[in-house]
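Chemist: I'll drop the sequence and a predicted model, then ask my questions.
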Amino acid sequence: MNSRYNAAVCTELTGPSSIRIIEQDAVPLQTGEVRIKVHAAGLNFPDLLMTQGKYQFRPDPPFIPGLEASGEVIEVAADVDSVKPGDRVMAGGKGGALAEQWIVNAAAVSPLPPALSFSEGACWQTGASTAWHALVERGHLQAGESVFILGASGGVGMAAVKMAKHIGAMVIGTGSSEAKREAIREAGADHLLDPADESLATKVKALTDGKGVDVVYDPVGGDLALTATRAIAWNGRYLIVGFASGEIPSFPANHALIKTYSLIGVRAGESPRRDPELAVRQAAALSDLAAHGAMRPHIFHRFPLTDTAKALAVLEKREAIGRIVVEMATSS
Ligand SMILES: NC(=O)c1ccc[n+]([C@@H]2O[C@H](COP(=O)([O-])OP(=O)(O)OC[C@H]3O[C@@H](n4cnc5c(N)ncnc54)[C@H](OP(=O)(O)O)[C@@H]3O)[C@@H](O)[C@H]2O)c1
């Protein structure tokens, strides 16, 4: 194990340009911890928000962003027997993944599925768990139903397209450029629409024979959210996943009453932490999906650790398609 390693450090809350590559001293493990030699770290929208001081979890600088990574276990605390040095793993946490080494709790570590490369594994957990938790656990999406996925070319959006097709639903997705719409098509969506299209709700209704969609999956928020409620079916389920637009929509309660749709909050990370039975159910479902290569992440952007600021800027400029991965020199 190297006693010193490089990390991408957020030095002030001014966004991606504040990232500096700074050498760190390896610290001793505490009870229950695992040290991973990181091969790849997957970027998520909250990483960008954290560098701007806009995420619900607000660490003070300097801090190392990064919520998920894959790599090889190089050391475990004396009380850890769930993994051992040499194991190929994926891990999640509240930060620290954008580094050549990462210390995480053993409970947050799972085996890298043989079907996934290190880079795919680094991008698996957040997208897949959000899509599964939202569509299956919260939205009860069924085969033959329709789902309208906003921000469908993004990280959690594209995982949802794949999950919905795996379930057997009809998928309508939004993408703000031709390249994004093409990527959504490749991911399996049946119909593609531009979120800026003024007749968006009308078009969604036409695609569902005037009925409207059974489920809306919304990681975007803003005006698009209110447009999507106009395209929802009687008794529909509206899944509130996130606010990538930066605007939190206010839903008119009378509209939900008149159309009898449900507004459903989604917290894919927190819910299983509060419900041990759900945690077991979710882990088993995701393990099975990963083993079958379902929801394999689409990686469109790869950067070395030294270009972490550029990688985060892709998210900031709304240019990301699928997943962005930061690969360490040892990645495969
Ligand atoms: N609830 C949960 O459990 C949970 C879990 C994970 C993530 N999230 C949330 O989900 C949201 C999306 O995360 P993500 O990692 O998928 O992000 P992402 O990869 O950047 O995708 C977000 C998508 O939103 C659309 N968008 C619309 N306005 C935008 C703007 N002003 N800036 C950036 N994108 C904009 C973009 O698609 P178009 O350009 O095609 O419109 C983009 O592809 C975030 O708010 C995140 O915090 C929630």
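Modeler: Perfect, I can see it now. All values reported here derive from a predicted model rather than from experimental measurement.
Chemist: helix or strand for Gly157, which one?
Modeler: According to DSSP states H and E, Gly157 maps onto helix 155-167.
Chemist: for Pro272, same thing?
Modeler: Short version: Pro272 belongs to helix 270-274, going by DSSP H and E.
Chemist: tell me which residues in that helix are buried?
Modeler: When neighbours are counted by 16 or more other CB atoms under 10 Å, the buried residues of helix 270-274 are found to be 271-272. Every residue, glycine included, has its C-beta placed from N, CA and C.
Chemist: Repeat that for stretch 61-81.
Modeler: Counting neighbours by 16+ other CB under 10 Å, the buried set in stretch 61-81 is 63-77, 80.
Chemist: same question, stretch 110-126
Modeler: Of the residues in stretch 110-126, 110, 112-113, 116-126 count as buried by neighbour count, 16+ other CB under 10 Å.
Chemist: now do the same end-to-end measure for that stretch.
Modeler: Across its full length, stretch 110-126 reaches 13 Å between end residues, using CA to CA, to the nearest Å.
Chemist: so where's the protein uncertain?
Modeler: Within the chain, the segments meeting pLDDT under 70 span 1, 330-332.
Chemist: All the helices of it, residue numbers only.
Modeler: Applying DSSP state H to the chain gives helices spanning 45-51, 118-122, 125-132, 155-167, 178-187, 200-207, 222-229, 253-259, 270-274, 276-291, 308-316.
Chemist: chain center to the first one: distance?
Modeler: When you say that, I think you mean helix 45-51. Once both centres are worked out by CA atoms, centre = their mean, to the nearest Å, helix 45-51 turns out to sit 12 Å from its chain's centre.
Chemist: What count of nearby residues applies to the residue in the stretch 101-250 of the chain that the ligand sits nearest to?
Modeler: Of all residues in the stretch 101-250 of the chain, the one sitting closest to the ligand is Gly154 (2.0 Å; CB to the nearest ligand atom). In terms of burial, Gly154 registers 27 neighbours under the definition other CB atoms under 10 Å.
Chemist: these two touch, right, it and Leu48?
Modeler: No: between Gly154 and Leu48 no contact is recorded; they are 11.8 Å apart, counting by CB atoms under 8 Å.
Chemist: Which of the buried residues of stretch 61-81 fall in strands?
Modeler: Using DSSP state E, the members of the buried residues of stretch 61-81 that fall within strands are 68-76.
Chemist: and of those residues, the nearest to Leu141?
Modeler: Using CB to CB, the shortest approach to Leu141 within these belongs to Glu68, at 24.2 Å.
Chemist: for the ligand, what are the nearby residues on the stretch 151-300 of the chain?
Modeler: Taking CB under 6 Å from any ligand atom as the measure of proximity, the stretch 151-300 of the chain contacts the ligand at 151, 153-157, 174-176, 180, 195, 219-220, 241-246, 266-269.
Chemist: I'd like to know which of the residues you listed are buried.
Modeler: 151, 153-157, 174-175, 180, 195, 219-220, 241-245, 266, 268.
Chemist: now, which of those residues lie within strands?
Modeler: Among these, DSSP E puts Thr174 in strands.
Chemist: Let me see the contact set for the nearest residue to Ala107 once chain neighbours are set aside.
Modeler: Beyond its immediate neighbours in the sequence, the residue positioned closest to Ala107 (CB to CB, 6 or more residues apart in numbering) is Gly32, lying 7.5 Å away. Gly32 makes contacts with 77, 79-80, 105-107, as judged by CB atoms under 8 Å, 6 or more residues apart in numbering.
Chemist: again, only using 7 Å
Modeler: Remark: with contacts taken as CB atoms under 7 Å, 6 or more residues apart in numbering, Gly32 is in contact with 77, 79-80, 105-106.
Chemist: still on that earlier bit, pretty sure the residue of the stretch 101-250 of the chain closest to the ligand sits against Tyr217.
Modeler: No: between Gly154 and Tyr217 no contact is recorded; they are 11.1 Å apart, counting by CB atoms under 7 Å.
Chemist: if we can go back for a sec, go through the ones in strands among the buried residues of stretch 61-81 and say which is closest to the ligand.
Modeler: Ranking these by separation from the ligand, with CB to the nearest ligand atom as the measure, puts Glu68 on top at 10.4 Å.
Chemist: from what I can see Met328 touches Lys37, true?
Modeler: No: using CB under 7 Å, Met328 is not in contact with Lys37; the gap is 8.1 Å.
Chemist: So between these two, which is more surrounded?
Modeler: Using other CB under 10 Å, the more surrounded residue of Met328 and Lys37 is Met328, with 22 against 19.
Chemist: From Ala290, how far off is the more buried one?
Modeler: Taking CB to CB, to the nearest Å as the measure, Met328 falls 22 Å from Ala290.
Chemist: With Arg274 instead?
Modeler: Taking CB to CB as the criterion, Arg274 is separated from Ala290 by 23 Å.
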